[in-house]
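Asker: Sequence plus predicted model, see below.
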Amino acid sequence: MADTLLDIRNLAVQYQTDDATIYAVNNINLAIRQGETIGIVGETGAGKTTIAKSIMRILPNPQGKIVSGEIRFKDQNLLDLPEKEMQKVRGNQIAMIFQDPMTALNPIETVGYQIAEAIRRHNKITQAEADRRACDMLETVGIPMDRFGEYPHQFSGGMKQRVVIAMALACNPELLLADEPTTALDVTIQAQVLDMMRSLKEKFKTSVMLITHDLGVVAEFCETVAVTYSGEIVERGTVEHIFDNPQHPYTLGLFGSLPKLDTKDRRLKPIKGMMPDPTNLPIGCRFRDRCPDAIEACAAAPPDVETEPGHIVKCVRAKEKGGAAV
Amino acid sequence: MLRYIIKRLLLLIPVLLGISLVVLILIDFTPGDPARMMLGAQASQEQVDALREELGLNDPLPVRYGRFLWGVVNGDFGTSLMTKRPVIDEMLERFPYTLTLVTIGTIFSVFLGIPIGIYAATRRHTWKDNAAIFFALIAVSMPSFWFALLLIRFFAVQLDWLPYAGVETWRGWVLPCGAMALGISALIARQVRSDMLEVLRQDYITTARAKGLSEQKVTYRHALKNAMIPVIMVIGGVFGSSLGGSLITEMIFSIPGLGQYIMTALNNRDYPVIQSGILIISTMFAIIILIVDVIFALVDPRIRSQYTKAKRKEGKQHGKQTEEAVEAA
């Protein structure tokens, strides 16, 4: 695709602990178009955050390692860039918002300093000019600029997340990686922060990769969706594909486990079993042990099947419904 | 902030009253008679009794305590039984020696210990980190008198570069300050390393990296500043307790400092010196801890905002620290 901004090919990431190797991300392929908002959905431990940290190349060192693959950002492979060049990309062309605003800000520097620092790093401007732009950013995210000189502990959780967002958008990045930006916030603040992110995204024409486990947020915010399970992308397509016509048994299970307002179910229907141990992944389909529709063919690695244009399912049985392997 | 400092200084008064009372009671319980010490073994019992009466040693404890306090309030810290000179004069004479030794030793340790700690922390789990930490452990474990003797053996006796005792010239200060700095710098290095490792794991360090900051900026501006808070506590504590307790170094290098002075007084049961000396050393320690707390507030805005509300019960914590200092002395 001509307007592809970020193209991840066969990315595999492992974490090395003292006595085991954790296979966090296993050969995923993912593309983000310019201006697109993609939702990455999956349970805790499915490798969502690892994907984002791999793009930024801020995996915990030395435990986390990208073992194979390419991350192409506008025709350059980020994984080939020397660290000095990568620093110019981070925070400037690609920025990231973190899950927990309580711990994401340096407690002993003013919020204004922390925003201006990012601006000064990537622009040749004076301190006064950077401070002025940091003030503008604060106003943009709905914080009065006279709070420039205050410290993170003087802000509430939702306000801190606004500061983090202001910091991430300060250099007008082309791609924003939002790692569960609303998970740590309560519901009313979540809605405010999401609304703000939406309007900022439209204002700055930023592509967004939104990592979440909240399907409601995805439906509201995203154009395309990738469902992750055990370090793989099991299903991807547009929001309509995934929500109106989910194909992978895991995606079906996710929707099945949501409470419904129109029926009188007294209990939620969880997916039986647990996600496989990432240090000891099964061969073949990772979801086989929990899958109600598993057949013998699932013991082999499942193919990517395109069931309709742009809707790709990692399941051997998707073929039966007329899909073609890609 | 100023109100907080004044409040803390006022809180010192009950703490110091407690310390001086405890010291007086301990001296009372300790065997050994200052009058007998002054007069020697040949003196008759009548002479000793007369001197005891003259010195006021036969008065009941509350009377002696009251007399001591009255003196302190009027600026009179008593007179040494041995030298017959005012305690305060003798201490002021000796204080510059101890202060020089401890200050230079601590500054030296800070400039040695902090870079080593950062070096090890930013290279964690490599052989460089392991080597740095191995030597720091040896240095912390090594008794300071032994290291002092090694220094003398090598630099003073074998190479004859520096004097082995006395501080008449600046060259005399090199070995004692070096002997002091070894253990303290290793202590600081270990503290810096563990705090840096803790801070480098924090989310805000990842945020700083995600902004595209250089590794230097992340390490020094974001990590080190946060890691310094416990390190300042350690430096302040070591500095404060060394002021009263750098005894071994003073003895080995014949430095006429406070440690030596108090030690001689203890041997001779020179109780005015013991009483006033411990009181003055405790006061210095408490003031240094206060200075450390003020530095905390300057570094950390969270602590600063607590002080403006002044909700913390500082008195208790602070009293304990001061008593520890007395024990150390």
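Answerer: Arrived safely. Numbers count the residues shown, from 1 in each chain, chains lettered A, B, ... in the order given.
Asker: what sits against the closest residue to B:Leu266 other than its chain neighbours?
Answerer: Nearest residue to B:Leu266, sequence neighbours excluded (CB to CB, 6 or more residues apart in numbering or on different chains): B:Ile274, at 6.1 Å. C-beta coordinates here come from the backbone N, C-alpha and C atoms, glycine included. For B:Ile274, the contact set (CB atoms under 8 Å, 6 or more residues apart in numbering or on different chains) comprises B:23, B:27, B:262, B:265-266.
Asker: Which pLDDT value belongs to B:Ile274?
Answerer: Listed pLDDT for B:Ile274 reads 86.
Asker: Roughly how far does it sit from B:Asp33?
Answerer: Per CB to CB, to the nearest Å, B:Ile274 is found 14 Å from B:Asp33.
Asker: rewinding a little: the residue nearest to B:Leu266 and chain A, how far apart?
Answerer: B:Ile274 sits 43 Å away from chain A, going by CB to the nearest CB, to the nearest Å.
Asker: sec struct for that residue, please.
Answerer: With DSSP: H, G, I helix; E, B strand; the rest coil as the basis, B:Ile274 sits in helix.
Asker: quick revisit: nearest to B:Arg123 among the contacts of B:Ile274?
Answerer: B:Arg123 lies nearest to B:Ile262 out of these, by CB to CB, at 43.2 Å.
Asker: B:Gln275 is in contact with that closest one, correct?
Answerer: No: at 10.7 Å, B:Ile262 does not count as touching B:Gln275 under the criterion of CB atoms under 8 Å.
Asker: name the element the residue nearest the centre of chain B belongs to?
Answerer: Here the mean C-alpha position of chain B is nearest to the C-alpha of B:Ser241 (CA atoms, centre = their mean), at a distance of 1.8 Å. Using DSSP states H and E, B:Ser241 sits within helix B:225-245.
Asker: mean confidence for that helix?
Answerer: Helix B:225-245 carries an average pLDDT of 87.
Asker: Tell me which residues of that helix come out buried.
Answerer: Residues B:226-229, B:231-245 are the ones in helix B:225-245 that count as buried (16 or more other CB atoms under 10 Å in any protein chain shown).
Asker: next one: stretch B:84-92
Answerer: Those would be B:86-88, B:90-91, for stretch B:84-92 by 16+ other CB under 10 Å.
Asker: got the residues of the stretch 151-300 of chain A near chain B?
Answerer: Contact residues, the stretch 151-300 of chain A versus chain B (CB under 8 Å from any CB of the partner chain): A:151, A:153-154, A:164, A:167-168.
Asker: which one of these has the most neighbours?
Answerer: Highest neighbour count within those, by other CB atoms under 10 Å in any protein chain shown: A:Val164, with 30 neighbours.
Asker: roughly how far is stretch A:107-127 from the heart of the chain?
Answerer: Taking CA atoms, centre = their mean, to the nearest Å, one finds stretch A:107-127 lying 25 Å from the centre of the chain it belongs to.
Asker: So what touches it?
Answerer: The list of residues contacting stretch A:107-127 from outside it, by CB under 8 Å, 6+ apart, reads A:88, A:91-92, A:105-106, A:130-131, A:133-135, A:137-138, A:147-153, A:155, A:163, A:166-167, A:170-171, B:204, B:211-213, B:222, B:225-226, B:299-302.
Asker: Let's see that stretch as CSV, backbone CA atoms only.
Answerer: C-alpha atoms of stretch A:107-127 as CSV (Å, rounded to 0.1, in the frame of the first residue of the first chain):
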residue,chain,number,x,y,z
PRO,A,107,8.0,13.2,40.4
ILE,A,108,10.7,15.8,41.0
GLU,A,109,10.4,17.9,37.8
THR,A,110,7.7,20.3,36.9
VAL,A,111,5.2,19.1,34.3
GLY,A,112,6.1,22.1,32.2
TYR,A,113,9.7,21.2,32.2
GLN,A,114,8.9,17.6,31.2
ILE,A,115,6.9,18.7,28.2
ALA,A,116,9.3,21.4,27.2
GLU,A,117,12.2,19.0,27.4
ALA,A,118,10.7,16.8,24.6
ILE,A,119,10.1,19.9,22.5
ARG,A,120,13.7,21.2,22.9
ARG,A,121,15.1,17.8,22.2
HIS,A,122,13.6,17.7,18.7
ASN,A,123,13.5,21.4,17.7
LYS,A,124,16.3,23.9,17.5
ILE,A,125,14.6,26.6,19.6
THR,A,126,15.3,28.6,22.8
GLN,A,127,14.1,27.6,26.2
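Asker: Which positions within it qualify as buried?
Answerer: A:108-122.
Asker: likewise stretch B:132-144?
Answerer: By 16+ other CB under 10 Å, the buried positions in stretch B:132-144 come out as B:132-133, B:136, B:139, B:144.
Asker: So which of the residues you listed sit within strands?
Answerer: Within these, no residue falls in strands by DSSP state E.
Asker: Below-threshold pLDDT in the stretch 151-300 of chain B: ranges please.
Answerer: Applying pLDDT under 70 to the stretch 151-300 of chain B flags the ranges B:245.
Asker: Show me what from it comes close to chain A.
Answerer: Going by CB under 8 Å from any CB, the residues of the stretch 151-300 of chain B near chain A are B:202-204, B:206-215, B:222, B:225-226, B:299-300.
Asker: just the buried members of the residues you listed?
Answerer: Among these, those classed as buried by 16+ other CB under 10 Å are B:202-204, B:206-213, B:222, B:226, B:300.
Asker: nearest to chain B, of the buried residues of stretch A:107-127?
Answerer: For the buried residues of stretch A:107-127, the closest approach to chain B (CB to the nearest CB) belongs to A:Ala118, at 4.2 Å.
Asker: Model confidence for that closest one, exactly?
Answerer: Looking at A:Ala118, the pLDDT reads 92.
Asker: Quick check: chain neighbours aside, which residue is closest to it?
Answerer: A:Ala118 sits nearest to B:Lys211 (CB to CB, 6+ apart), 4.2 Å away.
Asker: Kindly report the same for B:Trp173.
Answerer: Using CB to CB, 6+ apart and skipping the chain neighbours, the partner closest in space to B:Trp173 is B:Val167 (5.5 Å).
Asker: if we can go back for a sec, contacting residues for the residue nearest to A:Ala118?
Answerer: So B:Lys211 contacts A:90-91, A:95, A:117-118, A:121, A:167 (CB under 8 Å, 6+ apart).
Asker: Following whichever strand or helix holds A:Arg72 in sequence, what is the next regular element?
Answerer: Using DSSP H and E, A:Arg72 maps to strand A:64-73. Sequence order places strand A:76-77 as the next helix or strand after strand A:64-73, per DSSP H and E.
Asker: What strands flank that following strand, and is each parallel or antiparallel?
Answerer: The strands beside strand A:76-77 in its sheet (DSSP bridges) come out as strand A:64-73 (antiparallel).
Asker: Next, residue 125: secondary structure please.
Answerer: Using chain A here. Under three-state DSSP, A:Ile125 falls in the coil class.
Asker: Hmm, no, I was thinking of chain B.
Answerer: Strictly by three-state DSSP, B:His125 counts as coil.
Asker: Check what pLDDT it gets.
Answerer: Reported pLDDT for B:His125: 79.
Asker: nearest spatial neighbour of it, skipping sequence neighbours?
Answerer: B:His125 sits nearest to A:Pro62 (CB to CB, 6+ apart), 7.3 Å away.
Asker: Likewise for A:Gln87?
Answerer: Per CB to CB, 6+ apart, closest to A:Gln87 is B:Gly212, 4.6 Å.
Asker: So the one you found belongs to a strand, correct?
Answerer: No: the assignment for B:Gly212 is coil, going by three-state DSSP, so no strand is present there.
Asker: That one against A:Glu85, yeah?
Answerer: No: B:Gly212 is beyond contact range of A:Glu85, at 10.5 Å (criterion: CB under 8 Å).
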